[in-house]
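K.L.:
coordinates only, no sequence provided:
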């Protein structure tokens, strides 16, 4: 029973996303088309004040699993503040797509997400400790992805989010993102998914029995700053902002 507790708690927290959808408020936006109905989110950042409403909307779309709309929304954030590292963080997370989806991410999807994570790292010098924690976590989803199994990267992301929650206990959004990561990590590939992965070559054995993805990448997108060093800068010993 004790071993099941973390997953139970994570599931209950993740279900708050459904509660947000049920209690969603209508937000009218300029232009033709029906009013958008999404949950209400406040996601503070150190980006320009003008970008704040756009950031809140983009994160709400992430919570609604509206990943295409979220990508456009985070682009709108960058239009307000081109140096907003958290906009790139959001793009990287949206590029990952549904965290509950079975199967390995496609090469193009990984390439685009990795580029967004790299951009977040490059703009993170002026980000707060909390923001650097988010950015460091998302880089684990893409870090060395042509040599590291997806499940290992997901596990590293979940652990990084757990550290962020421990460092920022008042951050409800961090708890929700961590809960989703924890539930996604506990999901196991189905027999059909494993069979499909073998057929299309999503995984191959190489070296000393380690699992790696095919060598389709010709350039490295490893972050200039590693996830580990970013997390060190996001530690409680760093300046708090």
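P.N.:
Looks like it came in fine. Small disclaimer: the values here were computed from a predicted structure and weren't measured. Numbering: from 1, shown residues only.
K.L.:
tell me where the protein has helices.
P.N.:
Counting by DSSP state H, the segments of the chain that form helices are 5-14, 16-22, 52-63, 67-80, 85-96, 107-122, 129-142, 150-167, 172-186, 191-200, 227-233.
K.L.:
for those, which one sits closest to residue 45?
P.N.:
Closest approach to residue 45 among these (CB to CB): helix 85-96, 4.6 Å. For every residue, glycine as well, the C-beta is placed using N, CA and C.
K.L.:
hmm, residue 65 is touching residue 101, no?
P.N.:
No - using CB atoms under 8 Å, residue 65 is not in contact with residue 101, being 10.0 Å away.
K.L.:
those two - which one has more neighbours?
P.N.:
Neighbour tally, residue 65 and residue 101, criterion other CB atoms under 10 Å: the higher count belongs to residue 65, 17 against 13.
K.L.:
and the more buried one, how far from residue 100?
P.N.:
Using CB to CB, to the nearest Å, residue 65 is found at 9 Å from residue 100.
K.L.:
residue 87 - how many residues pack around it?
P.N.:
Counted with other CB under 10 Å, residues neighbouring residue 87 total 29.
K.L.:
my bad, should have said residue 50
P.N.:
11.
K.L.:
poorly predicted segments of this protein, please.
P.N.:
Flagging of the chain using pLDDT under 70 yields the residue ranges 1-37, 187-241.
K.L.:
switch the cut-off to 80
P.N.:
For the chain, applying pLDDT under 80 flags the ranges 1-39, 186-241.
K.L.:
assess the claim that residue 91 and residue 116 are in contact.
P.N.:
Yes - shown here, residue 91 and residue 116 form a contact pair, counting by CB under 8 Å, at 4.0 Å.
K.L.:
one step back: make JSON lines from the helices of the chain and add distance to residue 44 to it.
P.N.:
Below are these laid out as JSON lines (distance: least, CB to CB, whole Å):
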{"stretch": "helix 5-14", "distance to residue 44": "20"}
{"stretch": "helix 16-22", "distance to residue 44": "18"}
{"stretch": "helix 52-63", "distance to residue 44": "8"}
{"stretch": "helix 67-80", "distance to residue 44": "13"}
{"stretch": "helix 85-96", "distance to residue 44": "10"}
{"stretch": "helix 107-122", "distance to residue 44": "17"}
{"stretch": "helix 129-142", "distance to residue 44": "9"}
{"stretch": "helix 150-167", "distance to residue 44": "14"}
{"stretch": "helix 172-186", "distance to residue 44": "9"}
{"stretch": "helix 191-200", "distance to residue 44": "38"}
{"stretch": "helix 227-233", "distance to residue 44": "19"}
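K.L.:
among those helices, which is nearest residue 43?
P.N.:
With distances scored as CB to CB, the stretch of the helices of the chain nearest to residue 43 is helix 52-63 (4.3 Å).
K.L.:
tell me the helices and strands packed up against that closest one.
P.N.:
With contacts defined as 3 or more CB pairs under 8 Å, 6 or more residues apart in numbering; DSSP states H and E, helix 52-63 has these neighbours: helix 16-22, strand 36-38, helix 67-80, helix 85-96.
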